[in-house]
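# Build me a structure from this.
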Amino acid sequence: MPTLFQKIIAREIPANIEFEDEDCIVIHDIEPQAPVHLLIIPKVLIPRVGESEAFEPELLGRLLQKAQMLKAKLNLSKGFRLVINNGEEGGETVPHLHIHLLAGRPLTWPPG
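Now for the predicted structure:
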């Protein structure tokens with residue numbers, strides 16, 4: 001069964017798309033935790049970062065480069081946070097690796 005993100009990539013489910021290229025799609029989170037809350041989602045299905053042997057290491061690097069590009073595009077000069085959840089206790093709700101980019105307000109630590 002396709003994941004929610006696979007359905008978004010296939011345009012079976014609508015999403016607010018910020019950016020897309022051959023590697024990934026970047027969408028606005030439907031339950032934002034900050035004024036800017038984007039999801040950087042690889043188009044290739046990778047269930048979770050804990051199963052990183054399932055993909056080329058270079059792909060994760062390219063996804064991080066997308067965050068750098070989004071920083072410039074959205075003028076996030078005051079900073080941002082990147083988060084990857086892994087597993088149920090790690091807060092993962094969709095079994096498809098994705099990077100949360102949060103910005104637009106002071107972010108505290110620990111994130112909790």
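
# so what strands line up beside the longest strand that the chain contains?
Once the chain is assigned using DSSP state E, the strand that runs over the most residues is strand 36-42. Paired with strand 36-42 in the same sheet, following DSSP bridges, are strand 24-28 (antiparallel), strand 99-103 (antiparallel).

# okay, the ones you listed in JSON lines with mean pLDDT and mean neighbour count next?
All C-beta atoms are positioned from the backbone trio N, CA, C, and that covers glycine. Formatted as JSON lines, the strands paired with strand 36-42 follow (pLDDT from 0 to 100; neighbours: other C-beta atoms under 10 Å):
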{"stretch": "strand 24-28", "mean pLDDT": "98", "mean neighbour count": "20"}
{"stretch": "strand 99-103", "mean pLDDT": "97", "mean neighbour count": "21"}
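
# circling back: residues in contact with the longest strand of the chain?
Contacts to strand 36-42, defined as C-beta atoms under 8 Å, 6 or more residues apart in numbering, come from residues 5, 8-9, 18, 23-29, 55, 59, 63, 66-67, 70, 74, 76, 80, 96-104.

# Quick check: mean pLDDT of it?
The average pLDDT within strand 36-42 is 97.

# On the C-terminal side of that strand, identify the next helix or strand.
helix 57-73 (DSSP states H and E).

# Can you give the strand pairings for the first helix or strand past that next one going along the chain, parallel or anti for each?
Moving toward the C-terminus from helix 57-73, the next helix or strand (DSSP H and E) is strand 81-83. Using DSSP bridges, strand 81-83 pairs in its sheet with strand 99-103 (antiparallel).

# Give me the distance from the strand it pairs with to the chain's centre.
For strand 99-103, the separation from the chain centroid amounts to 7 Å (computed by C-alpha atoms, centre = their mean, to the nearest Å).

# Kind regards, and thank you for your time.
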